[in-house]
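Student: Okay, predicted coordinates and the sequence, questions at the end:
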Amino acid sequence: MHGDRDMALRDELKEYVETTLRSQWKIRDGNVVPDPESVTLENTAVRLEHATVLYADLASSTRMVDGYKWHFSGEVYKTYLYCASRIIRNEGGEITAYDGDRVMGIFIGDSQSSSAAKCALKINFAVKQIINPAIRAQYPSSDFSIAQCVGIDTSEVHAARTGVRGDNDLVWIGRAPNYAAKLTELSATAPSWITETTFTRLSNDAKYGKDGQPMWEKRLWTSMDNKPVYRSTWWWSI
């Protein structure tokens, strides 16, 4: 019985893979971030000519769940992801995915890169000035504090729908989703990281503080062929 089911599943998977690989893609340009219902499960995609992708990611969450009670970890997850998500939306971004301890947002429009960069600095403010003080007040005997990292890149992005009927979502294809996620693996001592592409599209108020000091420091991304990237320890008050 199991053998028959496995053979039927193998035939189904083989047919799907072969059909997907030989089918022509149908692509349409988009001027809004699409939702899953607007894209079919066939080889169709929505192209965003310029999109800025932001990933906000908790650092050392494995150590947290190993060393603290589950409900404390749950409170940390909920407060961080809520604050990050509200800030993303408040800056005009669209939340496209939650993945464990991180959230992904996409920004489009003329000021997309500046909005995303300000969003990163505001998330840093929320962590430093709202969440961590509240944790210390609620748990005075604990020395725990949230560390996190936000990564941002800008590129052409395609959205395609993947999964099975009744259980599917959009997958975001392009450099920006990939680079933004990888940037969150860099040191959380500088919690905001952007690519050079994003940096060159920033408005002056997203580059410099009120005193004219640059908010972003140029570095080399050594694990990515020394590509220039920019990091910041600044925050933007909410």
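Tutor: Okay, I see it. Numbers count the residues shown, from 1 in each chain.
Student: Spatially central, which residue of this structure would that be?
Tutor: Taking CA atoms, centre = their mean, the centroid of the chain lies closest to residue 55, which sits 2.0 Å from it.
Student: And the helix or strand hosting that residue, what does it pack against?
Tutor: Element membership of residue 55, judged by DSSP states H and E, is strand 44-58. Packed against strand 44-58 by the contact rule (3 or more CB pairs under 8 Å, 6 or more residues apart in numbering; DSSP states H and E) you find strand 26-29, helix 70-90, strand 102-107, helix 112-125, strand 148-164, helix 175-183. C-betas here are computed from N, CA, C, even on glycine.
Student: returning to what we had before: if I look at the residue nearest to the centre of the chain, how far off is residue 130?
Tutor: 20 Å (CB to CB, to the nearest Å).
Student: where does the protein have low pLDDT?
Tutor: Residue ranges of the chain with pLDDT under 70: 1-2, 188.
Student: Okay, buried residues for stretch 26-42 please.
Tutor: 30, 33-34, 39 (16 or more other CB atoms under 10 Å).
Student: so which of those comes closest to residue 47?
Tutor: Of all these, residue 47 sits closest to residue 30, with 6.4 Å by CB to CB.
Student: about what we covered before: out of the buried residues of stretch 26-42, the closest to residue 80 would be?
Tutor: Using CB to CB, the buried residues of stretch 26-42 come closest to residue 80 at residue 33, 22.6 Å.
Student: first vs last residue of stretch 219-234, how far apart are they?
Tutor: Taking CA to CA, to the nearest Å, stretch 219-234 runs 16 Å from one end to the other.
Student: what does stretch 16-34 give?
Tutor: Using CA to CA, one end of stretch 16-34 lies 24 Å from the other.
Student: can you list the residues that contact that stretch?
Tutor: Contact partners of stretch 16-34, identified using CB atoms under 8 Å, 6 or more residues apart in numbering, comprise 42-49, 51, 94, 96, 106, 108, 158-159, 170.
Student: Tell me the bridge partners for the closest residue to residue 174 other than its chain neighbours.
Tutor: With CB to CB, 6 or more residues apart in numbering as the criterion, residue 174 has its nearest non-adjacent residue at 3.9 Å, and that residue is residue 157. Beta bridges link residue 157 to residue 48 when assigned by DSSP bridges.
Student: and residue 157, what does it touch?
Tutor: With CB under 8 Å, 6+ apart, residue 157 has these contacts: 47-48, 51, 53, 106, 172-174, 176-177.
Student: Now, of those residues, which are buried?
Tutor: Counted by 16+ other CB under 10 Å, those give 48, 51, 53, 106, 172-174, 176-177 as buried.
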